[in-house]
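Trainee: What follows is a predicted protein model with its sequence.
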Amino acid sequence: MNIDWNFIMTSLPLYEKAAYITLKLAFAGIVLSLVIGLVCSVILYFKVKVIDTVVQAYIELSRNTPLLVQIFFLYFGLPKLGLKMSESTCAIIGLAFLGGSYMAEAFRSGIEAVSKTQIESGTSIGLSKIQVVRYVIIPQAFSVSMPSLSANCIFLLKETSILGAISIIDVTNLTKDLIGMYYRTFESLALLVVVYLIMILPFSFILSWLERKVRYAEFGN
Amino acid sequence: MQNSEINVIFQIKNLQRLFEGLFVTVEIAFISIIIGSILGIIIGLSRTTKSKVVLFINRVYLEAFRIIPTLVWLFIFYFGVTTALNINLSGEVVSIIVFSLWGASEMGDIVRGALESLPKHQIESGKALGLNYIKLYWYVLIPQAIRRMIPGTINLATRMIKTTSLVVLIGVIDVVKIGQQIIESSRFEFPTASFWIYGLIFFLYFIICYPLSKISKNLEKKWND
């Protein structure tokens, strides 16, 4: 097999641009889904009436349907009711809709792991309910749920690969186009794999470093 | 207006076609889950050895499927492997291969986790009774590990069913593709068809996956206590 280095050099800038789009969308999706997940898990924790049923329904709906169908619905379905959004908005909303429930589950498992004595001690030294959440529960819950949070971040970054279906030029879609245009199958696919390795490996190292950093909830138990 | 247009999903012909597409999706998922489980059990058992080479190969295999997205694997097999070997594979075959390999890597991890979570005295008691390795695994470890594997396996199955929605992107006529065809053909009759059809597909995936994830959650809760 002879490798066309010329082709690789000329398509590198394209990959750089596409990788930037991928990372941008993934970052926006991850931040939004962290916010949604935190809000949902706090609502579930306080058992806010009516809203917690809505949150529960949202979590089940989003966890049990594929992202591809979710973004098709957002991108092709909703405009028929008059709600028209750009591709990137749809992509970010789709990622946040999917990721929010995964993050909520991760936070919830962390909150459940905070032992009752911690909460009672907090209350007994005179902290209000909000203060207990802010200073006792969230720091410990965050530390416990960090591994699943980082797994979800990587999962969301990988899920951006299907955004090509709504004609976003991410790295996967770019590869498909290049294969179709130049028949340089091997080079394109190899570049794609390398780009994913470059994006995901450092990201996962940073996350596991962070995981080690916030392991303080394990101490003193 | 809008109320009458929901009828696009109640036309018998459309419903029948959508269910045919859904069947393709579920069929690919089902075959891959079976193959993946069998391969996965072998991989999981091999991961309990102390041989460094076997462990290293397994590690690379698992990480390869964890780092590279499933869609990229579909492309690698659909475009890359077929070109390299100069063969022709249909989208269905490629999907089954990729989903089986992916399922096997995840299943291997589930099996390994279950085997390692068994208390050590089970192995030692088995050895003390004079069981050889095959008997030890067959009579002592595997029966106990299976129970711990079931929730994770059902979870993996729901993930695989959800991920089979990607096969439309390598040209398999699945439920999403048929939905697109119906939307195209009824564009003049029902202008809002895409809302209803995609809504229905969303719902169809939900009613397949929801019971499965509910069962796995309940089993996990029941067996943890």
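Mentor: Perfect, I can see it now.

Trainee: any idea how far B:W73 lies from B:L212?
Mentor: Between B:W73 and B:L212 the computed distance is 23 Å (CB to CB, to the nearest Å). Where C-beta positions appear, they are placed from N, C-alpha and C, glycine not excepted.

Trainee: and the two? which has more neighbours close in?
Mentor: Taking neighbours as other CB atoms under 10 Å in any protein chain shown, B:W73 and B:L212 compare with B:W73 leading, 22 against 16.

Trainee: pLDDT score for that one?
Mentor: Residue-level confidence at B:W73 comes out at 93, pLDDT.

Trainee: For it, give me its contacts.
Mentor: Residues near B:W73 by CB atoms under 8 Å, 6 or more residues apart in numbering or on different chains: B:F65, B:V98, B:L101, B:W102.

Trainee: any chance of these in JSON lines, with secondary structure and neighbour count too?
Mentor: Below are the contacts of B:W73 laid out as JSON lines (DSSP: H, G, I helix; E, B strand; the rest coil; neighbours: other CB atoms under 10 Å in any protein chain shown):
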{"residue": "B:F65", "secondary structure": "helix", "neighbour count": "20"}
{"residue": "B:V98", "secondary structure": "helix", "neighbour count": "27"}
{"residue": "B:L101", "secondary structure": "helix", "neighbour count": "18"}
{"residue": "B:W102", "secondary structure": "helix", "neighbour count": "23"}
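
Trainee: what's the closest of those residues to chain A?
Mentor: Minimum distance to chain A across the contacts of B:W73 is 10.6 Å, recorded for B:F65 (CB to the nearest CB).

Trainee: Next secondary structure element downstream of the helix or strand where A:I21 lies?
Mentor: Taking DSSP states H and E as the definition, A:I21 sits inside helix A:5-46. Using DSSP H and E, the next helix or strand after helix A:5-46 towards the C-terminus is helix A:51-63.

Trainee: what sits up against that next one?
Mentor: A:40, A:43-44, A:46, A:70, A:97-98, A:100-102, A:104-105, B:206, B:209-210, B:213.

Trainee: Is there a neighbour count for the nearest residue to A:L197 once chain neighbours are set aside? I'd like the number.
Mentor: The shortest distance from A:L197 to any non-neighbouring residue, by CB to CB, 6 or more residues apart in numbering or on different chains, is to B:I67 (6.5 Å). The number of residues packed near B:I67 is 17, by other CB under 10 Å.

Trainee: Do I have it right that B:I67 meets A:Y196?
Mentor: Yes. B:I67 is within contact range of A:Y196, at 6.5 Å (criterion: CB atoms under 8 Å).

Trainee: Let's test this: mean pLDDT of the helix holding A:I21, rounded?
Mentor: For helix A:5-46, the mean pLDDT works out to 91.

Trainee: name the helices or strands packed onto that helix?
Mentor: In terms of contacts (3 or more CB pairs under 8 Å, 6 or more residues apart in numbering or on different chains; DSSP states H and E), helix A:5-46 is packed against helix A:51-63, helix A:87-113, helix A:138-159, helix A:171-182, helix A:185-213.

Trainee: What residues sit buried inside the third one?
Mentor: Residues of helix A:138-159 classed as buried by neighbour count (16 or more other CB atoms under 10 Å in any protein chain shown): A:138, A:140-146, A:148-150, A:152-159.

Trainee: now do the shortest one
Mentor: Within helix A:171-182, the residues that count as buried by 16+ other CB under 10 Å are A:V171, A:T172, A:N173, A:L174, A:T175, A:K176, A:L178, A:I179.

Trainee: which residues sit in contact with the residue lying closest to B:L71 once chain neighbours are set aside?
Mentor: Leaving aside its sequence neighbours, B:L71 sits nearest to A:S161 (CB to CB, 6+ apart; 4.5 Å). Taking CB under 8 Å, 6+ apart, we find A:S161 in contact with A:D170, A:V171, A:T172, B:P69, B:T70, B:L71, B:V72.

Trainee: B:N218 too?
Mentor: With CB under 8 Å, 6+ apart as the criterion, no residue contacts B:N218.

Trainee: All good on my end, thank you.
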